[in-house]
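Undergrad: Next comes the sequence, and after it the predicted model I'd like to discuss.
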Amino acid sequence: MPPNNNNNETPADNTGRTAEQDEFTKRIFREARETVENEPELCYLMNHTVLAPWVQTFEDAVAAAVCYRMLLKTTPTAATGCFCPYALKDIFQKAFSSEGHEEMGHSIKEAVRKDAQAVMDRDPACETLLEVVLFYKGFSALVVHRVAHFKWLSSSGKRRSMTALFLQSQAAAIFGLDIHPAACIGAGILLDHGTGVVIGETCRIGDGCTFLHGVTLGGTGKESGDRHPKVGRNVLIGAGASVLGNIHIGDRVKIGAGSIVLRPLPPGATAVGAPAKIIGKTLEPNPAATMDENLKQVGRFHQSPSTITLDTMATSTTTTPAITKSTISSNSSIAETADETVTEEEEEPSESSSGDDNNGGDNVCPFRDYAKFANKVAKNLPPGSDGITFCQFAKFLKSQSCLMDEIKAAFFALDQRNVGYLKKSDMTPDTVTKVLVEATALDSEQIGQILQKVH
């Protein structure tokens, strides 16, 4: 950053700052002054960042702090002067003040404030706004990305912005996160700890998500074009998890630590394992905010197929117990005891004929246990009962050329009670239409035909 004549003894004079200040700005200045009073050894740092003479707003403070860290030497032998500090400050200020630029519907100012608020709301170790701005590398890396994204989109001609790539590279070296400047990221994002997070070029991430350290949103090889995950809103992804390929992760999904996700996950699902499989439904409305990293708030499958009866199906409710070790064991037994062979009537189309290059076979299908569970339940439903089995539902959708992944996602979403079948009385036109619009590529005419068959 530009040199400051008041570096060592006392904090910079604040009298030149604008009298009209919002709460974020007032708070960051107040916490900075209190810090200098309590710990004068931090005066040099404050005078080069939050309390620098040119800083007038919260956004200025963020720009000053991040630019200061971006120009620090990464090693004792690293070259100095890698980028002009005045030019870097100017890039950040232009990005923050840009009127027409938005990323996932948010200006940079709005997104940065929501990102800071997300850290304070979700991280129990965070006590001040000042520490977020000065020391949280996940937050700083997001700020750099948002500025790099601005430069990436505003570069002239067909040539990619070298400045945006420099910002990406320097942020990876300083903060340990690698986020491509072309990726589109919503607001209110928490990259907790942040180290090792990788977000690829064609990723899109919805508002309100939380990613732990070591999360990878990557491709599956050397293919070009649109090749990275699309993540919905309020998604929680645990430490060390990898989501690979151009697949969609629905809103409110929870992915357990260390999981490898190779297939799409429907809204409200909870998945764990390598390759990941769905173990139940997310119970809380915003899993990214509750940070249920040990997956206690998960509505499990109703019970083992061997103990299902029509009476237990009829008395099930929308409220289901939390996941436990016995639940996981029970669900594992579904895979072991379920009949691997199905009749011709129930047989699913082969993966090679589904038209999805990312399928890879049943062994990576996230619905593999749930589908077997649903097939077992279907055997206990007598003819003429008020129930639609997975096989019947699949027939309806296959008649409209739906992919099997779409069929499974739609059935899972409609099975609100986790019992492995659908009650016709629960299948209101509005409910079915909403699910099919989200889970499939069907148009309104096709959905209307399916509604006629369902009812």
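TA: That came through fine.
Undergrad: how distant is the helix or strand hosting V36 from the center of its chain?
TA: Assigned by DSSP states H and E, V36 belongs to helix 23-38. Computed by Cα atoms, centre = their mean, to the nearest Å, the chain-centroid distance of helix 23-38 equals 32 Å.
Undergrad: elements contacting the next helix or strand after it?
TA: Reading on from helix 23-38 to the C-terminus, the next helix or strand found by DSSP H and E is helix 43-48. Helices and strands touching helix 43-48, by 3 or more Cβ pairs under 8 Å, 6 or more residues apart in numbering; DSSP states H and E, are helix 23-38. Where C-beta positions appear, they are placed from N, C-alpha and C, glycine not excepted.
Undergrad: Buried residues in the helix it packs on, which are they?
TA: Within helix 23-38, the residues scored as buried using 16 or more other Cβ atoms under 10 Å are 24-25, 28-29, 31-33, 35-36.
Undergrad: Repeat that for stretch 117-137.
TA: 117-119, 122-123, 126, 128-134, 136-137.
Undergrad: for that stretch, the distance to its chain's centre please.
TA: On Cα atoms, centre = their mean, the centre of stretch 117-137 falls 19 Å from the chain's centre.
Undergrad: what's the distance between L217 and H228?
TA: Note on L217: its distance to H228, by Cβ to Cβ, to the nearest Å, is 6 Å.
Undergrad: Pick out whichever of the buried residues of helix 23-38 sits closest to E284.
TA: When these are compared for distance to E284 (Cβ to Cβ), F24 wins out at 27.6 Å.
Undergrad: Please name the residues that touch that closest one.
TA: The neighbours of F24, taking Cβ atoms under 8 Å, 6 or more residues apart in numbering as the test, are 58, 113, 116, 129.
Undergrad: Report all helices and strands that the top strand by length along the chain contacts.
TA: Longest strand in the chain, counting residues (DSSP state E): strand 276-282. Secondary-structure packing of strand 276-282 (3+ Cβ pairs under 8 Å, 6+ apart): strand 269-273, strand 298-300, helix 325-337, helix 368-378.
Undergrad: can you give me how far the second one is from the chain middle?
TA: Here strand 298-300 is found 20 Å from its chain centre; the criterion is Cα atoms, centre = their mean.
Undergrad: Pass me the low-pLDDT residue ranges in the stretch 201-350 of the chain, would you?
TA: Within the stretch 201-350 of the chain, the stretches with pLDDT under 70 are 302-350.
Undergrad: What ranges does it have for its strands?
TA: 204-205, 210-211, 216-218, 230-231, 236-237, 242-244, 248-249, 254-255, 260-261, 269-273, 276-282, 298-300 (DSSP state E, counting those that start in this stretch).
Undergrad: Save those strands as CSV, and put in mean neighbour count too.
TA: CSV is the format used below for the strands of the stretch 201-350 of the chain (neighbours: other Cβ atoms under 10 Å):
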stretch, mean neighbour count
strand 204-205, 20
strand 210-211, 28
strand 216-218, 22
strand 230-231, 22
strand 236-237, 29
strand 242-244, 23
strand 248-249, 22
strand 254-255, 30
strand 260-261, 22
strand 269-273, 24
strand 276-282, 25
strand 298-300, 23
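Undergrad: As CSV, these with distance to G100 would be great.
TA: Below are the strands of the stretch 201-350 of the chain laid out as CSV (distance: least, Cβ to Cβ, whole Å):
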stretch, distance to G100
strand 204-205, 20
strand 210-211, 29
strand 216-218, 27
strand 230-231, 24
strand 236-237, 31
strand 242-244, 31
strand 248-249, 28
strand 254-255, 35
strand 260-261, 35
strand 269-273, 37
strand 276-282, 36
strand 298-300, 43
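Undergrad: Just the helices from the stretch 151-300 of the chain, written as ranges.
TA: Along the stretch 151-300 of the chain, the stretches classed as helices by DSSP state H, counting those that start in this stretch are 162-175, 287-290.
Undergrad: quick one: average pLDDT of the longest one?
TA: By that I understand helix 162-175. Average pLDDT, helix 162-175: 95.
Undergrad: Next one: the closest residue to M104 other than its chain neighbours from R233, what distance?
TA: Using Cβ to Cβ, 6 or more residues apart in numbering and skipping the chain neighbours, the partner closest in space to M104 is G186 (4.1 Å). Relative to R233, G186 is positioned 7 Å away (Cβ to Cβ).
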